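Predicted model follows, preceded by the sequence.
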Amino acid sequence: QVQLVESGGGLVQAGGSLRLSCAASGSTFSRYYMGWFRQAPGKEREFVSRIDWNGGSTYYARSVTGRFTISRDNAKNTLYLQMNSLKPEDTAIYYCAADLQGNSYYAYDYSYWGQGTQVTVSS
């Protein structure tokens with residue numbers, strides 16, 4: 001069983017950048033497919049990006065393609081999300097998630113979740 005802790009959120013102006021991190025512990029990180037999701041107030045949790053076990057395959061939601069980059073460092077047991085050209089509509093709590101089974105963009109396919117980190121983008 002893996003434990004996940006996100007960090008790196010904060011308040012940033014539109015057009016700015018943030019890098020989120022997700023530190024994993026308790027299990028072999030490289031075994032897990034990883035994803036980033038976000039949830040804005042009053043909205044459902046939505047897919048942002050996912051990455052396979054060795055970083056060879058990535059996928060992004062259309063709304064973040066070209067602005068966000070997902071990556072992982074298996075030696076450091078850490079997942080990243082580099083967010084550039086941030087927009088007010090990117091404001092949300094960002095969650096990392098892990099699963100052993102597959103490379104999905106559905107939240108219900110992920111078994112393990114972090115507690116989330118708040119990202120606020122001001123206009």
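On my side now, so go ahead. Quantities reported herein were computed from a predicted structural model and do not represent experimental measurements. Numbering: from 1, shown residues only.

show me what contacts Arg50?
Listed by CB atoms under 8 Å, 6 or more residues apart in numbering, the contact set of Arg50 reads Tyr33, Met34, Gly35, Trp36, Thr58, Tyr59, Ile70, Asn103, Ser104, Tyr105. Just so you know, the C-beta spots here come from the backbone N, C-alpha and C atoms, and that holds for glycine as well.

Quick check: it vs Tyr60, distance?
8 Å (CB to CB, to the nearest Å).

which one of the contacts of Arg50 is nearest Asn77?
Relative to Asn77, the closest of the contacts of Arg50 is Met34; by CB to CB it sits at 10.9 Å.

Skip the chain neighbours and tell me the closest residue to the closest one.
Among residues not flanking Met34 along the chain, Leu79 sits closest, at 4.8 Å (CB to CB, 6 or more residues apart in numbering).

Surely the one you found touches Arg72?
Yes. Contact criterion CB atoms under 8 Å: Leu79 and Arg72 qualify, at 4.9 Å.

Identify the contacts common to these two.
What both Leu79 and Arg72 touch, as defined by CB under 8 Å, 6+ apart, is the set Met34, Ile51.

show me what contacts Ser85?
Gly15, Ser17, Arg67 are the contacts of Ser85 under CB under 8 Å, 6+ apart.

please redo it, this time with the cut-off set to 10 Å
Applying CB atoms under 10 Å, 6 or more residues apart in numbering to Ser85 gives the contacts Ala14, Gly15, Gly16, Ser17, Val64, Gly66, Arg67, Phe68.

Lovely, talk soon.
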